[in-house]
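A.B. asks: Starting from these lines, generate the structure:
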Amino acid sequence: MIIYQTDKQHFLDDVFKRDIENIVLESFRNRTGRSVSKEEIRSWASSLHYMGKVLNDEAIPDDCGVAIEYVIPQTAKRVDFLLTGKNHEDKDCVVIVELKQWESARKTAKDGIVSTRFARGETEVGHPSYQAWSYAALLEGYNEVVYDGGVQLRPCAYLHNYADSQGAINDPFYAAHIERAPVFLKGDMERDRLRQFIRQHVKYGDKGNTLFRIEGGRIRPSKSLADGLAGLLKGNQEFVLVDDQKLVYETALSHARAVREQGKRVYIVEGGPGTGKSVVAVNLLVGLTNAGMVAKYVTKNAAPRAVYEARLAGSFKKTYISNLFVGSGAFTATSSNEFDALVVDEAHRLNEKSGLYANLGEHQVKEIINAARFSVFFIDESQIVTLKDVGKKETIRQWAAELGATVVEGALESQFRCNGSDGYLAWLDNTLQIRETANATLDVAEYDFRVLDSPTELKALITARNRERNRARMVAGYCWKWPSKKNPAAYDIEMPEHGFKARWNLTKDGGLWMISEDSVHEVGCIHTCQGLETDYIGVIVGDDFVVRDGQVVTRPEKRAPSDRSISGLKQLAKTNPELAKSKADAIIKNTYRTLMTRGMKGCYVYFTDAETTAFFRSRVVGTNTQADLLGSQPVIPSMGEVETALPFTVIRGEEGRSHPRTVPLIPLQIAAGAFSESQSLDVDADEWVELPEGLNASEDLFVAQVVGESMNRRIPNGAWCLFRSNPKGTRQGKIVVAQHRSIDDAETGGGFTVKKYHSEKVLEADGVGWTHQRITLSPESTDCSFLPIVLVPEDQDEVRVLAELVVVLV
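C.D. replies: Numbering: from 1, shown residues only. The predicted model follows:
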């Protein structure tokens, strides 16, 4: 998502003739439904004015693209400023500018970390060059247009209030980061240096085309920790640590090095779902080991360890894996300071006693702190899901004090799950009534959340999603018994009124349920998914969680007798009924919160209770932009009905033609067959679409609907898209509308098709020109029955690319 988008000349007009900060604020509110602090508005006013001065240069093309506050897909990270164009080799280029208001900074002993003063006091943060580079690395990792389309990224940082060129920012200690992303400071000379940097990489304008392509680019599936684990242990940089992740990692390494001289230390790191606790934890394990320290990764939950061991099999010896990844009960007989460091993931799941019968040791927190000079606890108290879970911050502090350890604390806040949507997490907490937030409703265009009518529909949707990467699973609360444990032929969860039956996962797959090929047909539980992630999660919410008159009611009595998570609750209720009720309420809410935050891209929910279904639906707004994979065909509106079917304003006749922000609305068949390069797209057009905020109109753009499933990975069936007619430049890797005499596409109903373009070229004998050896028009579909269209050399002169996809609108 891009908050503000235009070309250089219009940006300069907004800076010097209007109030740019108010324009950006209005766009931010329209795009997100939220506002920002007064401090951020002042920051926009100042920094964007300085960028206006930088770009007020005739050598920088007026038609290069400008974007402000670009949200990197599947993260909560916002890039301050993007400038797009073409370099001297006519290749697409994006200059990424990290803008800072800082006036001073201090060097630290931590790689890529500086200390600077904010209103709340002095704080350690990432060096601006590291931040700019890390955002570029994230963009390369997530957006297909960037990593497949040959777009060159050139990150830098601009500290327009920072005058000390010999200060900490330019210290040789940070030279490696500054080399990857140069930093520019206060003053006319520094402004000229930044101009020169921009001119070096942006020679020609692109009319915002690169921004259109990036905004509409297919999002690369996120790499899971399990998939990148082997590379991490071999020393590869599988994940880019950004902002608070980098700070926590470097802080932990710093404390680990200091303990021999300064004494025993404990580092408590708090972070919610998807903030990267496990990624930082494993990176830290590797960093500590590479520094020559004896370290282990500790977790109480067996499922992540089982998945990691399975992923590492064949790359490392089993003894090596077992020595690195251990359970939380492994330290009952360990002597004091036997290890240099212990990294404890999912620390909220620690128990008091260890052993199969919970009869060993005194307290797992005490034993871990005792066993290591330095221990790190990654914790989220909102994921405590059983009465035996005792991993709380206060408990860790108490045992640290008793053992003479200094306690330091940190936090992870950046969101990398749930499509990077902090808003979804806040909405979920508010809706589950865990804590009150300002997020009363959820826009499902922000995160693919759906409330379904039946478990059968849920299963069908998850099964369809799973075909993409084997990364979609069903989970449920503990409201069904476990007969299949004794009788493998039995079903555990049965809803005959919906024709649904399934088994719990706790059979042959065990802890490997999240990655086993066939486990999509089983239903998982909290213990086999906590600490792990998938692309899509389907959650069955049982009768233990219902809503009555707008209030959440938790009912532990509706849980199955086999549920051990509330074992001991009845006994507690006899002595302290209020405490028992409070604990049960928290466990049930935390369980569903944890289950509903396992999905990186989407969460689909079925409630067994009708009133609860209606309550959740009442708190959801918007339309899912992704394809419905259940096979139902969308209703395709006629041109006369389009005003009520489209989420944009449609203007008719001369009023639409003369409007500055409209483009013609044209059936794809007409667009493909009626216009030549010499004709204007508005010939005979009677309906015009007012483009959403952030998209600029031009004479070669039009809106049309794409129907069919051959491109459903990129363009949902029935989606309305913005196209550019008669595109110039390279077509390689782009989604195009192509026409050829041999094409007879049943989905488009004519001699043209919408496909991904790829050509193989060979040089002419004279070494100057080139010819197509083969042109391939490829589908991008979940349905493997769609085949590529391959055109041979003699056809090349008859292949016409009529238009290219700019962005999927809805």
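A.B. asks: contact partners of stretch 42-55?
C.D. replies: Stretch 42-55 is contacted from outside by 8, 11-12, 15-16, 19-21, 24-25, 66, 68, 80-81, 83, 97, 99-101, 158, 160-161, 191, 194-195, 198, using CB atoms under 8 Å, 6 or more residues apart in numbering. Using the backbone N, CA and C atoms, a C-beta is placed for each residue, glycine as well.
A.B. asks: Filter those residues down to the ones in strands?
C.D. replies: Counting by DSSP state E, the contacts of stretch 42-55 place Val66, Ile68, Asp80, Phe81, Leu83, Val97, Leu99, Lys100, Tyr158 in strands.
A.B. asks: Now for the fourth one: which residues touch it?
C.D. replies: Contacts of Phe81 were listed using CB under 8 Å, 6+ apart, and they are Ser47, Leu48, Met51, Val66, Ala67, Ile68, Ile96, Val97, Glu98, Leu99.
A.B. asks: out of the residues you listed, who's nearest Leu452?
C.D. replies: Distance to Leu452 across the contacts of Phe81 (CB to CB) is lowest for Ala67, with 36.1 Å.
A.B. asks: just to revisit the earlier point, which of the contacts of stretch 42-55 are buried?
C.D. replies: Buried residues within the contacts of stretch 42-55, counting neighbours by 16 or more other CB atoms under 10 Å: 8, 11-12, 15, 20-21, 24-25, 66, 68, 80-81, 83, 97, 99-101, 158, 160, 191, 194-195, 198.
A.B. asks: longest strand in this protein, by residue count?
C.D. replies: Max-length strand for the chain by DSSP E is strand 752-763.
A.B. asks: Report all helices and strands that that one contacts.
C.D. replies: helix 668-673, strand 735-739, strand 770-778, strand 800-808 (3 or more CB pairs under 8 Å, 6 or more residues apart in numbering; DSSP states H and E).
A.B. asks: what about Ser254, neighbour count?
C.D. replies: Counted by other CB atoms under 10 Å, the residues lying close to Ser254 total 17.
A.B. asks: Just give the nearest non-adjacent residue to it, would you?
C.D. replies: Ranked by CB to CB, 6 or more residues apart in numbering and with sequence neighbours excluded, the top spatial neighbour of Ser254 is Lys110, at 5.5 Å.
A.B. asks: measure that neighbour to Val754 for me?
C.D. replies: Separation of Lys110 from Val754 (CB to CB, to the nearest Å): 50 Å.
A.B. asks: same question, Glu98
C.D. replies: 37 Å.
A.B. asks: what do you get for Val801?
C.D. replies: 11 Å.
A.B. asks: hey, which helix or strand in this structure has the poorest pLDDT?
C.D. replies: When each helix and strand of the chain is scored by mean pLDDT, DSSP states H and E, helix 642-645 comes last, with a mean of 37.
A.B. asks: helix or strand right after that one?
C.D. replies: Once helix 642-645 ends, the next helix or strand along the chain (criterion: DSSP states H and E) is strand 650-652.
A.B. asks: Neighbours of the residue nearest to Ser254, how many?
C.D. replies: 20.
A.B. asks: I'd assumed Leu253 was in contact with it.
C.D. replies: Yes - here Lys110 reaches Leu253: they are 7.5 Å apart, a contact under CB atoms under 8 Å.
A.B. asks: Quick check: chain neighbours aside, which residue is closest to His659?
C.D. replies: Using CB to CB, 6+ apart, the closest residue to His659 is Ile651 (5.8 Å).
A.B. asks: contacting residues for that neighbour?
C.D. replies: By CB under 8 Å, 6+ apart, Ile651 lies in contact with His659, Thr662, Glu687, Trp688, Glu690.
A.B. asks: got a markdown table for those residues, with pLDDT and neighbour count too?
C.D. replies: Output for the contacts of Ile651, formatted as a markdown table (pLDDT from 0 to 100; neighbours: other CB atoms under 10 Å):
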| residue | pLDDT | neighbour count |
| --- | --- | --- |
| His659 | 84 | 15 |
| Thr662 | 87 | 24 |
| Glu687 | 82 | 19 |
| Trp688 | 86 | 27 |
| Glu690 | 84 | 17 |
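A.B. asks: Nearest to Ile588 among the residues you listed?
C.D. replies: Using CB to CB, Glu690 is the member of the contacts of Ile651 that lies nearest Ile588, at 46.8 Å.
A.B. asks: Give the bridge partners for that closest one, please.
C.D. replies: Beta-bridge pairing for Glu690 (DSSP bridges): Thr662.
A.B. asks: residues contacting it?
C.D. replies: Contact partners of Glu690, counting by CB under 8 Å, 6+ apart, are Phe648, Thr649, Val650, Ile651, His659, Arg661, Thr662.
A.B. asks: hmm, 7 Å instead?
C.D. replies: Phe648, Thr649, Ile651, His659, Arg661, Thr662 (CB atoms under 7 Å, 6 or more residues apart in numbering).
A.B. asks: And for Pro304?
C.D. replies: Contacts for Pro304 (CB under 7 Å, 6+ apart) come out as Gly531, Leu532.
A.B. asks: Mind pulling the model confidence for it?
C.D. replies: At Pro304, the model reports a pLDDT of 83.
A.B. asks: same question, Arg469
C.D. replies: For Arg469, the predicted pLDDT is 80.
A.B. asks: And it, how close does it get to Lys589?
C.D. replies: Going from Arg469 to Lys589 by CB to CB gives 30 Å.
A.B. asks: swap in Gly231?
C.D. replies: Taking CB to CB, one finds Gly231 at 37 Å from Lys589.
A.B. asks: So for the two, which residue has more residues nearby?
C.D. replies: Legend: neighbour count by other CB under 10 Å for Gly231 and Lys589, higher for Lys589 (19 against 14).
A.B. asks: where's that one relative to Ser658, distance?
C.D. replies: In terms of CB to CB, Lys589 sits 55 Å off from Ser658.
A.B. asks: same check, this time on Gly126
C.D. replies: Counting by CB to CB - Gly126 and Ser658 are separated by 49 Å.
A.B. asks: just Asp111 next, same as before
C.D. replies: 57 Å.
A.B. asks: out of these two, which sits in the more crowded spot?
C.D. replies: Counted by other CB under 10 Å, Asp111 and Ser658 do not tie: Asp111 has more neighbours, with 16 against 10.
A.B. asks: ok, and the nearest residue to the more buried one once chain neighbours are set aside, which helix or strand is that part of?
C.D. replies: Spatial nearest neighbour of Asp111, excluding adjacent residues (CB to CB, 6+ apart): Glu250 at 5.8 Å. Glu250 is located in helix 244-262, with elements delineated by DSSP H and E.
A.B. asks: what packs against that helix?
C.D. replies: Counting contacts by 3 or more CB pairs under 7 Å, 6 or more residues apart in numbering; DSSP states H and E, helix 244-262 is packed against strand 121-126, strand 265-271, helix 277-290, strand 372-379, strand 406-412.
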